[in-house]
Structures are given as structure tokens and as C-alpha cells.
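A.B. asks: A structural model of the following input is requested.
(6 chains)
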Amino acid sequence: MGKLTIGCFSSLVGSMSLDFAVKLSAAAIEKGHKVDFWVSGNGTMLSIKGQRAFKDYSALMKPVQELMGKGLTITACEACAEARGYNKENTMEGFKRHSMDWYLASAFNADRLLHIGGE
Amino acid sequence: MGKLTIGCFSSLVGSMSLDFAVKLSAAAIEKGHKVDFWVSGNGTMLSIKGQRAFKDYSALMKPVQELMGKGLTITACEACAEARGYNKENTMEGFKRHSMDWYLASAFNADRLLHIGGE
Amino acid sequence: MKLAVFVSDYKLNVDTLDRLKPEKLGIILVENGVYHATIKENGTPSSLLKKNANFYVLMDDLETRGLGSSDINNNIKMISYGDIVDLIFNEYEKTAWL
Amino acid sequence: MKLAVFVSDYKLNVDTLDRLKPEKLGIILVENGVYHATIKENGTPSSLLKKNANFYVLMDDLETRGLGSSDINNNIKMISYGDIVDLIFNEYEKTAWL
Amino acid sequence: MSTTKLGFIVQRPPYKSENPKLALTHAISSQSVEVYLNDGDIVTADVAFIGDGVLNCLKNQKAMEKYALSSTETHIKNSLLLDLNVMVCKEDLDRLGLSENDIVMDAEEFGAEVTTKVVPFSEITKMMEEVNHLLFF
Amino acid sequence: MSTTKLGFIVQRPPYKSENPKLALTHAISSQSVEVYLNDGDIVTADVAFIGDGVLNCLKNQKAMEKYALSSTETHIKNSLLLDLNVMVCKEDLDRLGLSENDIVMDAEEFGAEVTTKVVPFSEITKMMEEVNHLLFF
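C.D. replies: Below is the predicted model of the structure:
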């Protein structure tokens, strides 16, 4: 089994790139791989607590929490989050916050890296 | 003097579309026009309080607060905000929250409408 | 109608502008749309500039990107945010951000 | 190198894919990239399908958009999220999301 | 008593961006805008799908099954149910090899009385001329 | 003691998206990644601008003056200061009518010892072959 590091940068909530990354993480964990998930830029929107699940909007908080329970490590870029008003207090429990070098460190021993930076 | 309604929907924090809309609002108010500003979709990111001003990121909280002092009316789509975890408690003071019909009501008697929905 | 169209991208992913034929057309280049005012790919100016329209480019967005007045085509007027406000209210009736 | 490229848009605003010439190329159509698998503009399949590559399309993203297996070109393999995981780990060495 | 007409123009495919769906939800909100207005004043919303935006209209979208997300198809049906004028550009359907059989044409199962109108681009141009304000998505 | 090489490829112009800047700030963070690693283990970051991404490299960007935002130019200079390998595709500069005079070639004023390398696309392909992982922006 291998290690997959996923970075999701620019994904809009409401686009499907974060949805894609979460589903891919689930599939990889299901197959026994280790997954590190990094969100930066607008991807940090995924980290805030208190997101409400409406059927008209991508609602990823619950799937992310379930994956954390199955071993997903998920980390938000601290500066990108703070700039957007996402601070330590309003971050979802279990969601880590680090500086950008965390992502590169995760890439260091990753077997595969999928960087979703387009847009 | 006229009334300008601006809607900014999909703008990323970090793109320049919200920056554009804020600067255009300032220029219109400077010339004596009334400006209504509606944010929906990811544009609702503008409404959260506690955004930190780093020089690497668009920092629009202070300019928006100054414009509110000069008469800008600014309103976020309530559902779009709630879906993203922006609730009443973490909304910037003076930033209104309404359902989508507020935007259309503002358009009703607007002399001009600039809808920034692209992307 | 008198229509002011805002172009904010260099590579447009819609063809709407080619299909709009208003009585009066203004094209306001903002954000990455400003590259249309300056870049000549393989020596050729942007095809957007061939349209029968009045062209404007936002000075702030040119300068942000390291571009300036010396780079722009001479049928394009350099404007400020205040000028955009006046254009919208006085010269055009409707706006379109593509 | 053995490269898996993810295409997530129908109208691409970069030309990178045309310039990549890896030893082995996989093109995985996801999100709005799935339209390349089905749409024939004016009767012609997407030019992307002319590339010398293995083509895959994510079933979930096809079906989300109202498309299905009957719509896709027959050189394209329909795959699941689990299949993507296997492709990444077993068939390709590096990935690129354009 | 006056009427302000808005034209919503959807130019891009669904899902990659939230915009096409927001176009529809905002257009639908024209039905409740009266709470803000004086008696007799109204706002109307016409919706036109052009360019690759016509891909929003494909039938059998499984967004709810696959991503737990309401589909753009559902929002088009809601728009018809609320008697919005929904237009789809014929030239773009032709270009993409699509016909009326492929797209959402009605919401009869919800009791909607109006249907989607497949029209030449010239009809959409006419709508754009007639409305007070344009909103491009 | 081992090295993991990352290739950062910037394909799009600056400012409209935050991505080109995030490419540079993430590449720069390769300089501090050792805190997470064992002694002698390192991560290197090569940065290549291709396609319209070469527009990131224009000189005299006034983002700070106009929008109170640090410019992409500044981040490129920081990258040079930290000895990152910064490459710019020659074919794309040519296509866009740009030369070395138009772009950020050094950060001498900060004491940087390395300069931007204008190279044919084939050199960038070679880098892509050599690195362990690719990150496209």
C-alpha cells in the first residue's frame, strides 16, 4: 500500500474540485492507502466549522469528518486561512493548520502526488 | 446622481474581481452615486469578520468598512453564507444578510446594474 | 441598445462577445482582459480589437501587471475607476461582464 | 515518464497538453472534462481524442451531467474513483491536473 | 405600478462553477421580491442558455445520487413551475449535436404549465434588448 | 539522506487567480521543510513559467501601489534570493513578443546570486522528467 498526497488549491466551494478530492481520498483509503490532504488558497474554505448542509451546495464537512475517522490527515494552509478569517477557534475539530512547508514535507515520502491547482 | 447595484458572485478571494467591485463602489460613491453591493456564491467570503490583512492576500475588510461609513449598502446571500459556515455571529458588523430576492429588489430601481458572475 | 461589455480574461472561454451586435458597443478591458490591449501574439494584435467598438483599458490593472501606456494600441483609451463610473452612467445603458 | 493527466474543463485555457510528450500518456476526463468524451461539435469529436494516449472518463461525473455510457466514444474507458486510485498507483508515475 | 425586467444569460456548463445554478436560484427569487416593493411593482426574470451553457439543460442529471447535490435540471424544472420564461439557443444545441429530446423541456410531473422554448439566437438578442438589466453567468 | 524533487509549472497569467502566487510561495517553502524531515533529507523546488504563465514575469508590477497586494514580481525575486531554479519558456516569450528586457531576470538589489533562466521548452520537459512530482498551476 502506498501514500497519496493530494493538494487542492483553488477549488471553489460549489465547483466540484473539492468534491472530487474528497471522493478520491475516500477511494484511496478504502483500498488501504494512506492519504495526506492539503488545502490552500480558497480550498481552505473546507476547514471552517459550522458549515450547513443544504442540498443546493456541496456539503463536505460530514464526509471529511468520516474520513478523518478512517485515518485521513487533512491540513489547511494557515496563512491562507487566516487571511480569509478562518482562525484557530472556528476551524473544524481534527483539521490541522500548518505553514506551506507541511505540504512539501508530505510530498517528500509520498508515492504519488495529485496537485489540483488549475483555474 | 444615480443608483448603481453591483452583484459579485463567483469571485475568489485572491482573484481581483472582488477588489475590482470594491474599488468601483468607492469611485461611484465618490461621485455621489448610491451603491448597493450584493455578494453571493464565493463572494460571500467578503462578509466574514476577523479577516487578517497580509500583504500577500487581497485584504478588503477595511476598505469595505470605510465604504459602509460613506453610505455603501452591502449584503450577502444568506444561504450561500450559511452553507460556507458564515453565520450571523461571525459576520462583519454592518454587513447585511438576506435571501436572493434582496438583489432583485435592489435592481428594481437601480439606474445601472453591474453583475460580475463570470468564471 | 448601448452596451458596455467588461472583458476580464485573456483566454475567453465563451464566444458571447462575437454574437452581441448592439447599436453601440463599448469594450472595457479589466483584470487579465488588459492583455488584449498590449500583447501581440506572433506580432498580431488581439482579434478582439477588430470589433466595431469603443475600447477602454483600466490603467490600474495595466500597471498592476507591469504594463503601461507605451504598450497599448492607439485606438484604446486608458481610463480610471472614476471613468468607468461615468461611462456606465452616461455613455451606456446596460452592462455585461462575460 | 508515465504521466496521468487530469482534464477537468471543456474549454481549456492552457495549451500545455499539446506540448507534453511523455513515453506513456493517460488522459483522465473528470468534471467538465467529461464533455470531451461525448460531445461532437458540428459532428466532429473533440480534438483532444486524437492524441496518442489512453483515455478514461469518470462515470460519476458523466452521470452527474446527464450523460451515460451510450454517449461515449469507444476508445474511452469508463472508470470509477477506485479505478483512478489504481491507475495513479499502478499504471502511471506522475500526475498533472491542468 | 411598474415592472423591471431582468435577463439572466447562462454561458457556461454546469457544476464546474456554481454560477449556472445561482443564475437559476436568483431568477426564481423574482417570485418573492414583492415583499421589498410597493403594491403592483414587480421584477420579471427571463433565463436564456447560450453557448456551452445549453449543457445545463441535459436530462437525467444524477448530481443528487452521485454528489448529494441538487441538479441544475431540478432548478430548471423549478423555474418552469414558477412560469419563468426559459429559452435555449437552437444554434448551440445544433452545434453540440443535441435536440429537444436530450434536454429538459417541461416539468409536467410538478404541474408546470410552461415549457422550455428552443429559440434562435435572434430571439435571445431581442430579449436582451427588451430587458432593463442583463446578468451574464 | 535523500532528496525529493518537485516541479512547479505555472501556466496561467497572474492576479486573476491566486494560483501563480501560491505556486511561488509554496516553492519557496522548500527552504524551511527540513523541520519536518530527518537530517540530510531535502525537498527541492524547480519553477517553470510556460504558456501565458510567462506573463507573471513582467517587470514593474504595481500591485502594491494599486491594490495593496504584494506583486508576483516580488515573489519571483524572493525565489531567486533563495536560489530556486526559475525557468521561463523562450518559445512563449517569443510568441508574446517579450524579451529578457521585459521580465524579471535577477534580484541583485536583494543580493541574489542566481538569475532567471530563459530556456527552450525542451529544457522544461527535461526538468519534468527528472523531478519526482509535478504541480501544475
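A.B. asks: got a list of what the closest residue to A:K96 other than its chain neighbours touches?
C.D. replies: Distance criterion C-beta to C-beta, 6 or more residues apart in numbering or on different chains; nearest residue to A:K96, sequence neighbours excluded, is A:T75 at 4.1 Å. In short, each C-beta sits where N, CA and C put it, glycine included. By C-beta atoms under 8 Å, 6 or more residues apart in numbering or on different chains, the residues touching A:T75 are A:D36, A:F37, A:W38, A:V39, A:F95, A:K96, A:R97, A:H98, A:W102, A:Y103.
A.B. asks: how far out from the middle of the chain is the helix or strand hosting A:T75?
C.D. replies: Using DSSP states H and E, A:T75 falls within strand A:73-77. In terms of C-alpha atoms, centre = their mean, to the nearest Å, the centre of strand A:73-77 is set 6 Å apart from its chain centre.
A.B. asks: Can you name the element that comes right after that strand?
C.D. replies: The helix or strand immediately downstream of strand A:73-77 is helix A:78-83, counting by DSSP H and E.
A.B. asks: ok, and what's touching that next one?
C.D. replies: Residues from elsewhere that reach helix A:78-83 (C-beta under 8 Å, 6+ apart): A:40-41, A:43-44, A:47, A:87, A:91, A:97-100, B:13, B:51-54, B:56-57, B:59, F:22.
A.B. asks: and that helix, average pLDDT?
C.D. replies: Per-residue pLDDT over helix A:78-83 has a mean of 96.
A.B. asks: mind checking how far the residue nearest to the spatial centre of chain E is from chain D?
C.D. replies: Nearest to the mean C-alpha position of chain E, by C-alpha atoms, centre = their mean, lies E:V47 at 3.9 Å. Distance, E:V47 to chain D, by C-beta to the nearest C-beta, to the nearest Å: 18 Å.
A.B. asks: and E:K126, how many residues sit next to it?
C.D. replies: When neighbours are counted by other C-beta atoms under 10 Å in any protein chain shown, E:K126 registers 12.
A.B. asks: Shouldn't it be within a helix?
C.D. replies: Yes. Assessed by DSSP: H, G, I helix; E, B strand; the rest coil, E:K126 belongs to a helix.
A.B. asks: Over to residue 90: give its phi and psi.
C.D. replies: Went with chain A since none was named. Per-residue torsions, A:N90: phi -100, psi 20 (degrees, to the nearest 10).
A.B. asks: Near C:Y35, how many other residues are there?
C.D. replies: Quick note: C:Y35 (other C-beta under 10 Å) scores 25 neighbours.
A.B. asks: Next, it: secondary structure please.
C.D. replies: Applying three-state DSSP: C:Y35 is helix.
A.B. asks: Quick one: residues contacting it.
C.D. replies: Applying C-beta under 8 Å, 6+ apart to C:Y35 gives the contacts C:Y10, C:S46, C:R65, C:L67, F:P13, F:D52, F:L55.
A.B. asks: how about the residues of chain C near chain E?
C.D. replies: By the rule C-beta under 8 Å from any C-beta of the partner chain, the part of chain C lying against chain E is C:1, C:3, C:13-16, C:19-21, C:94-98.
A.B. asks: Buried subset of those residues, written for PyMOL?
C.D. replies: One line in PyMOL is enough to select the buried ones among these; burial here means 16 or more other C-beta atoms under 10 Å in any protein chain shown:
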select buried, chain C and resi 1+3+13+14+16+20+94+95+96+97+98
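A.B. asks: Go ahead and confirm C:L98 touches E:I9.
C.D. replies: No. If you go by C-beta atoms under 8 Å, C:L98 and E:I9 don't touch, sitting 9.4 Å apart.
A.B. asks: List the residues that are in contact with both of these two.
C.D. replies: C:T16, E:F136.
A.B. asks: Write out the residues of chain A neighbouring chain B.
C.D. replies: Residues of chain A lying near chain B (C-beta under 8 Å from any C-beta): A:10, A:12-14, A:41-42, A:45, A:48-54, A:56-57, A:59, A:61, A:79-80, A:82-87, A:90.
A.B. asks: which of those residues count as buried?
C.D. replies: A:10, A:12-14, A:41-42, A:45, A:48, A:51, A:56-57, A:59, A:61, A:79-80, A:82-87, A:90.
A.B. asks: Those residues in helices, which ones?
C.D. replies: When DSSP state H defines the helices, the subset of these inside them is A:M61, A:A79, A:C80, A:E82, A:A83.
A.B. asks: Looking at those, which is nearest chain E?
C.D. replies: When those are compared for distance to chain E (C-beta to the nearest C-beta), A:M61 wins out at 11.9 Å.
A.B. asks: In contact with the nearest residue in space to the closest one that is not next to it in sequence, which residues are there?
C.D. replies: Nearest non-adjacent residue to A:M61, counting by C-beta to C-beta, 6+ apart: A:Q51, 4.5 Å away. Listed by C-beta under 8 Å, 6+ apart, the contact partners of A:Q51 are A:A59, A:L60, A:M61, B:A83, B:R84, B:G85.
A.B. asks: let's see 7 Å
C.D. replies: Contacts for A:Q51 were tallied using C-beta atoms under 7 Å, 6 or more residues apart in numbering or on different chains; they are A:A59, A:M61, B:A83, B:R84, B:G85.
A.B. asks: again with E:I9
C.D. replies: If a contact means C-beta under 7 Å, 6+ apart, then E:I9 has E:A48, E:I50, E:L134, E:L135, E:F136, E:F137 as its contacts.
A.B. asks: Model confidence for residue 26, exactly?
C.D. replies: You didn't pick a chain, so chain A it is. 98.
A.B. asks: was after chain C, sorry
C.D. replies: 98.
A.B. asks: Equivalent analysis for E:N101, please.
C.D. replies: 97.
A.B. asks: now the residue of chain C most remote from its centre: how far from F:L98?
C.D. replies: Taking C-alpha atoms, centre = their mean, the residue of chain C most remote from its mean C-alpha position is C:N42, at 20.7 Å. Per C-beta to C-beta, to the nearest Å, C:N42 is found 12 Å from F:L98.
A.B. asks: swap in C:N52?
C.D. replies: Counting by C-beta to C-beta, the separation of C:N52 from F:L98 is 29 Å.
A.B. asks: same thing with C:W97?
C.D. replies: C:W97 is 28 Å from F:L98, by C-beta to C-beta.
A.B. asks: just C:K21 next, same as before
C.D. replies: Distance of C:K21 to F:L98, given as C-beta to C-beta: 34 Å.
A.B. asks: Does C:A4 belong to a helix, a strand or coil?
C.D. replies: Under three-state DSSP, C:A4 falls in the strand class.
A.B. asks: residues contacting it?
C.D. replies: Taking C-beta under 7 Å, 6+ apart as the test, what C:A4 contacts is C:G26, C:I28, C:L87, C:I88, C:Y92, C:T95.
A.B. asks: Without its sequence neighbours, what residue ends up closest to it?
C.D. replies: C:Y92 (3.9 Å).
A.B. asks: Next, count neighbours for that neighbour.
C.D. replies: Around C:Y92 there are 21 residues (other C-beta under 10 Å).
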